[in-house]
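S.K.: Here you go, sequence then predicted model.
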Amino acid sequence: MVRKLIAGNWKMNGSVSFASELVGGLLTRIEQEDVSADFVVCPPAALLGSVLALTKNTKLSVGGQDCHENVSGAHTGDTSAELLKNVGCQYVLTGHSERRTDHGESNADVRAKSKAALNAGLVPIICIGETESERVSGNTLKVIEEQVVQSLPDEADPNQIVLAYEPVWAIGTGKTATPDDVAEVHNFIRGLLVSRFGDEPAQKINILYGGSVKPSNAAELLAVSNVDGALVGGASLKVEDFWAIGVR
Ligand SMILES: O=C(CO)COP(=O)(O)O
């Protein structure tokens with residue numbers, strides 16, 4: 001079993017003062033407790049500088065929320081994986097369902113971005129998950145298989161990738177998948193990874209669950225087999241809640 005990873009996706013939230021308060025609160029706790037999970041925060045791009053300055057030489061890691069597939073160039077408004085690495089990030093989210101929806105990102109785009117992340121020395125947290133209609137029509141595992149097969153780049157190294165299963169209908173809705181549903185999909189994803197990388201390497205890959213994770217349901221979800229952490233949205237914006245999800 002791998003060490004659990006608790007990632008906070010701030011999405012388009014926060015400010016300089018918010019970042020300083022939240023990160024300050026997390027650092028105080030990380031320094032005082034013997035923590036059995038790794039924590040990472042993914043602030044919006046404009047706050048990366050502030051957060052990276054606060055987390056320098058600490059145990060709190062930082063990730064971007066997206067990266068461009070190219071190293072540099074004429075791509076106004078985008079950020080390359082190389083630059084994220086250069087400023088001090090260790091992770092980057094790729095293929096979050098909000099990027100897939102808001103920016104029309106396909107599995108091929110996610111694959112290219114994840115490849116760029118790996119080339120830059122970042123760990124891509126590759127997000128996958130079915131929509132409500134895909135679940136209702138019984139296509140969950142088919143969609144997950146397509147996303148895993150098509151979003152993972154050929155150069156994916158099992159020591160350097162994280163997967164995050166986020167059912168789209170559970171994001172920001174307060175609805176969570178049942179432990180049985182989560183177990184079914186996480187076991188299925190592990191099976192796909194075993195076929196691709198072999199048993200031992202595949203066991204090293206953290207598979208996170210995301211979608212309305214909060215302190216009241218975290219223990220149950222994190223106890224499910226093959227759930228190696230959480231990708232947290234709303235509850236990652238409150239120090240006590242984010243901390244309580246990862247530390248028990
Ligand atoms: O999208 C998510 C994390 O990436 C989940 O968001 P919520 O925890 O707010 O449902």
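M.R.: That came through fine. Numbers count the residues shown, from 1 in each chain.
S.K.: Get me the contact residues on the chain for the ligand.
M.R.: Within the chain, the positions adjacent to the ligand are 9, 96, 166, 171-172, 210-213, 231-235 by Cβ under 6 Å from any ligand atom. Yep, even glycine has a C-beta here, placed from its N, CA and C like the rest.
S.K.: Most remote residue from the middle of this structure, which is it?
M.R.: Going by Cα atoms, centre = their mean, the residue of the chain most distant from its centre is residue 74, 27.4 Å out.
S.K.: what's the nearest residue to residue 203 once chain neighbours are set aside in contact with, if anything?
M.R.: Leaving aside its chain neighbours, residue 203 sits nearest to residue 2 (7.3 Å; criterion: Cβ to Cβ, 6 or more residues apart in numbering). With contact set as Cβ atoms under 8 Å, 6 or more residues apart in numbering, residue 2 has these partners: 203, 204, 205, 206, 228.
S.K.: Does the residue farthest from the centre of the chain belong to a helix, a strand or coil?
M.R.: Following DSSP: H, G, I helix; E, B strand; the rest coil, we place residue 74 in the coil state.
S.K.: how much space is there between it and the ligand?
M.R.: Residue 74 is 29 Å from the ligand, where distance means Cβ to the nearest ligand atom, to the nearest Å.
S.K.: got a pLDDT number for that residue?
M.R.: Confidence at residue 74, expressed as pLDDT, is 98.
S.K.: returning to what we had before: pretty sure the residue nearest to residue 203 is in a helix, no?
M.R.: No: Residue 2 sits outside any helix when classified using three-state DSSP, being coil.
S.K.: separation between it and residue 187?
M.R.: 15 Å (Cβ to Cβ, to the nearest Å).
S.K.: on that earlier part again, list only buried entries from the residues of the chain next to the ligand.
M.R.: 9, 96, 166, 171, 210-213, 231-235 (16 or more other Cβ atoms under 10 Å).
S.K.: can I get these in JSON lines with secondary structure and pLDDT?
M.R.: Below are those laid out as JSON lines (DSSP: H, G, I helix; E, B strand; the rest coil; pLDDT from 0 to 100):
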{"residue": "9", "secondary structure": "strand", "pLDDT": "98"}
{"residue": "96", "secondary structure": "coil", "pLDDT": "98"}
{"residue": "166", "secondary structure": "coil", "pLDDT": "98"}
{"residue": "171", "secondary structure": "coil", "pLDDT": "94"}
{"residue": "210", "secondary structure": "strand", "pLDDT": "97"}
{"residue": "211", "secondary structure": "coil", "pLDDT": "96"}
{"residue": "212", "secondary structure": "coil", "pLDDT": "95"}
{"residue": "213", "secondary structure": "coil", "pLDDT": "96"}
{"residue": "231", "secondary structure": "strand", "pLDDT": "98"}
{"residue": "232", "secondary structure": "strand", "pLDDT": "98"}
{"residue": "233", "secondary structure": "coil", "pLDDT": "98"}
{"residue": "234", "secondary structure": "helix", "pLDDT": "97"}
{"residue": "235", "secondary structure": "helix", "pLDDT": "97"}
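S.K.: if we can go back for a sec, show me which of the residues of the chain next to the ligand is closest to the ligand.
M.R.: Nearest to the ligand among the residues of the chain next to the ligand is residue 233, at 2.3 Å by Cβ to the nearest ligand atom.
S.K.: Would you quantify the distance from that closest one to residue 145?
M.R.: Separation of residue 233 from residue 145 (Cβ to Cβ): 25 Å.
S.K.: Equivalent analysis for residue 214, please.
M.R.: For residue 214, the distance to residue 145 equals 29 Å [Cβ to Cβ].
S.K.: These two: who's more crowded?
M.R.: The residue with more neighbours, out of residue 214 and residue 145, is residue 214; 18 against 15, by other Cβ atoms under 10 Å.
S.K.: Tell me who's in contact with the more buried one.
M.R.: 234, 235, 241, 245 are the contacts of residue 214 under Cβ under 8 Å, 6+ apart.
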